[in-house]
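>>> Quick check, what structure comes out for this input:
(chains A and B)
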Amino acid sequence: MRGRLARSAPQVRLPSSFPQGVVNQTFTELDYELRRRLRFTKLGLEVKMSSLKNRAAIIGIADLKPTKRSEEKSMELAAKVGKLAIQDAGLEMGEIDGLLTGVDNVQWSMLVGEYLGLPPGYRHHLELQGATGAGMVWRAAAAINAGLCNTVLCIAAASNRERARGGEDRASMPAQFMRPYDPVGGANSRYALIAQRHMYEYGTTSGQLAKVAVDQRTNACGNPEAIFYGQPITIADVLDSPLICDPLHLLDIVMRIEGGSALVITSAQRAKRAATPVWLLGAGERLNHDSAIYSSLTTSPVKDSAEMAFRMAKVTPKQIDLVSLYDCYTITVVVTLEDAGFCKKGQGGKFVEETDLTYKGRLPCNTHGGQLSFGQAGGHGGGMSHVTEASRQLMGRGGARQVANPKLAFVQGNGGTMNEEVSLILGV
Amino acid sequence: MSMYTKPLPTPTETTAEFWKAAKRHELHLQHCQDCGHYIFFPATLCSQCLSPKLKWERVSGRGKVYSYTIVRRAGFFQKGEGDLPYVSAIVELDEGPRMATNIVNIEPEKVVIGMRVEALFDDVTPEVTLVKFKPAK
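Presented below is the predicted three-dimensional model:
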């Protein structure tokens, strides 16, 4: 089987547990899926998961109000939102002995730590792109659980204007074999490839994708901080908005803003003193190949990260009261819902079409409006806002957009082109 | 003669053969002599079996569109250095690997996933030839 590359559809018997709708996939795609499952099963047998369940809780959150333009530099944004999170946690600077920062520059967490005047402690910076915020949460819990520190401040904030155009390695493979063909598409064209393929394999429609944008805009209309507060939209509005990279319209795409988000996470002992600690119940993380030529365009590592998180938390998707899913694009939400197990693979379009995703609905999704309607801040603050919003809801601080009595939230951080995935289960 | 301002590949020792062949208007990939896979991106080890026995061979240049998009506007962090609109695509070669490329010689709206395509070699500068794809006859 190995050396024979399919020139026609292979005669392969699919396992009964195999996702439906796979018929249009090629041999290389099947190979990836089968190999992935085999590898994961093998890993599960060999590695005993060490649970972080109830070892740490979020006790403070802060989000800067999104603005279109800002004169503030990255350090000022980071320090401002970091300080707000510490105050929200009801702590003093001297009690923060851990700091995690989203980064564009090296040594950033050291610089932010001294700018804020934090005591010495655990420091690190993360670069998981959009998965940075969620990725910080379990890392902080792990450091606390290992006894390296007690209370970690996690900051994701930077100025768009200062974004380091890190001298792209012109000799790298993507620089040689991808950029010359797509000089200006950026992330938009990479995610458009996902959407196009998803439509081909599963019949997903633009109207279904648009429903995600519409419901999240309704949520934003309940959030005075959101960049699109007061501007409801309809499906027709989304479909009439200009095509940017087919099939993605302008309103299928994230809104870039200036701002940032932060949170404070502390040990189980200290959390018990907080008003409404939001407990980390489960976490999972999986990274995949970077370039679109290698990985599946329609099945993401969310499958693995979500499986791990649900396993650690010992809960199932049916028990989840609200979701906070990374939404750089509407298609990202659809694929995430499928791969995390909220619906069957390939049924994501139908699921979002039939499910009320507003804060009043059956499965509230991105109740702050998400990056689509609240905004996406630099320093990977956009991805952190999903964590702070889920925490806010669980704490009962959702204001006009409060979900009725939520106990469990599922959070997804996503980076790259759906190839850096972090899943969290939070609960009260 | 106007300057070509779009990003150009910088060949390395590992990829030199690919770009030399492209300049001759040929598509060459490395063929693993141990497991039989063709691999792309070029490498020093087979990505399937880690064998170093990779041999550059000419391939058919034929394949099908795996996915595509019509890029109509530049992204937030990009400067407008493309001739918009253009079709950015992933082509799955008959030999197995996928390549990022452009689909040309066709109206962008007429491109469909699954359509048969063949390589077209675009001499974008005197030194560099890019491998693009057009509808197969």
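
>>> how close does A:S261 get to A:P224?
Remark: distance between A:S261 and A:P224 (Cβ to Cβ, to the nearest Å) = 16 Å. The C-beta positions use only the backbone N, C-alpha and C, and glycine is treated the same way.

>>> ok, the two, which is more surrounded?
A:S261 (29 against 12; other Cβ atoms under 10 Å in any protein chain shown).

>>> which residues pair with the more buried one across the strands?
A:S261 forms beta bridges with A:D63, A:A156, as assigned by DSSP bridges.

>>> Okay, helices next: where are they in chain A?
Along chain A, the segments classed as helices by DSSP state H run A:27-46, A:74-89, A:108-116, A:132-145, A:173-177, A:186-202, A:206-220, A:235-240, A:268-271, A:302-313, A:330-339, A:348-354, A:370-373, A:381-394.

>>> hmm, I was thinking of chain B
Using DSSP H, the helices of chain B run over residues B:16-23.

>>> Could you double-check that A:S324 lies in contact with A:L408?
No - if you go by Cβ atoms under 8 Å, A:S324 and A:L408 don't touch, sitting 11.7 Å apart.

>>> neighbour count winner among those two?
Comparing A:S324 with A:L408 by neighbour count (other Cβ under 10 Å), the higher total belongs to A:S324, at 28 against 20.

>>> Just give the number of residues close to B:P11.
B:P11 has 18 neighbours, counted by other Cβ under 10 Å.

>>> Could you do B:G114 as well?
Using other Cβ under 10 Å: B:G114 sits among 10 other residues.

>>> Now do the same contact list for it.
B:G114 is in contact with A:Y200, B:K64, B:V65, counting by Cβ atoms under 8 Å, 6 or more residues apart in numbering or on different chains.

>>> Just the pLDDT at it, thanks.
Note for B:G114: predicted pLDDT of 97.

>>> any idea how far A:Q129 lies from A:E225?
A:Q129 is 23 Å from A:E225, by Cβ to Cβ.

>>> Compare those two (neighbour count), which wins?
Set A:Q129 next to A:E225 and count neighbours by other Cβ under 10 Å: A:Q129 wins out with 21 against 17.

>>> what's around the nearest residue to A:L248 once chain neighbours are set aside, how many residues?
In this structure, A:L248 finds its nearest non-sequential neighbour in A:A192, 4.9 Å apart by Cβ to Cβ, 6 or more residues apart in numbering or on different chains. Look at A:A192: counted by other Cβ under 10 Å, it has 27 neighbours.

>>> Let me see the contact set for A:A192.
A:A192 makes contact with A:G185, A:I244, A:C245, A:D246, A:P247, A:L248, B:T69, B:V71, according to Cβ under 8 Å, 6+ apart.

>>> Can you tell me which helix or strand of the chain has the lowest average pLDDT?
Answering for chain A, as no chain was given. helix A:27-46 (a mean of 47; mean pLDDT, DSSP states H and E).

>>> sorry, should have said chain B
The weakest-scoring helix or strand in chain B, judged by mean pLDDT, DSSP H and E, is strand B:38-39 (a mean of 94).

>>> Is chain A within reach of that strand?
Yes - using Cβ under 8 Å from any Cβ of the partner chain, strand B:38-39 reaches chain A at B:Y38.

>>> what's that strand in contact with?
Looking at what lies outside strand B:38-39 - Cβ under 8 Å, 6+ apart - the contacts are A:5, B:29-32, B:46-48, B:54, B:57, B:59, B:93, B:95-97.

>>> which of those residues has the most neighbours?
Among the contacts of strand B:38-39, the one with the most neighbours (other Cβ under 10 Å) is B:Q30, at 25 neighbours.

>>> Pull the contacting residues for the closest residue to that one other than its chain neighbours.
The shortest distance from B:Q30 to any non-neighbouring residue, by Cβ to Cβ, 6+ apart, is to B:L54 (4.0 Å). Going by Cβ under 8 Å, 6+ apart, B:L54 touches B:Q30, B:H31, B:C32, B:Q33, B:I39, B:A43, B:T44, B:L45, B:C46.

>>> give me the beta-bridge partners of B:L54?
B:C32.

>>> pLDDT score for it?
pLDDT, B:L54: 95.

>>> what's the spacing between it and chain A?
To chain A, B:L54 is 14 Å away according to Cβ to the nearest Cβ, to the nearest Å.

>>> can you count the residues close to A:Y326?
32.

>>> ok, B:E127 - how many residues close by?
B:E127 has 11 nearby residues by other Cβ under 10 Å.

>>> Identify the spatial nearest neighbour of the residue in the stretch 251-400 of chain A that chain B sits nearest to, chain neighbours not counted.
Across the stretch 251-400 of chain A, the shortest distance to chain B (Cβ to the nearest Cβ) belongs to A:I293, at 4.0 Å. Excluding its sequence neighbours, the residue lying closest to A:I293 (Cβ to Cβ, 6+ apart) is B:R98, at 4.0 Å.

>>> Quick check: bridge partners of the one you found?
Here B:R98 sits in beta bridges with B:E92, going by DSSP bridges.

>>> what residues are up against it?
By Cβ under 8 Å, 6+ apart, the contact list for B:R98 reads A:T28, A:A292, A:I293, A:Y294, B:F40, B:Y66, B:I90, B:V91, B:E92.

>>> again, but for A:L52
A:L52 is in contact with A:W138, A:A141, A:A142, A:N145, A:L280, A:G282, A:A283, A:M312, counting by Cβ under 8 Å, 6+ apart.

>>> how close does the residue lying closest to it once chain neighbours are set aside get to A:I86?
Closest residue to A:L52 apart from its sequence neighbours, by Cβ to Cβ, 6+ apart: A:A141 at 4.7 Å. According to Cβ to Cβ, A:A141 stands 18 Å off from A:I86.

>>> Of the two, which one has the most company?
Between A:A141 and A:I86, counting by other Cβ under 10 Å, A:A141 is the more crowded of the two (26 against 22).
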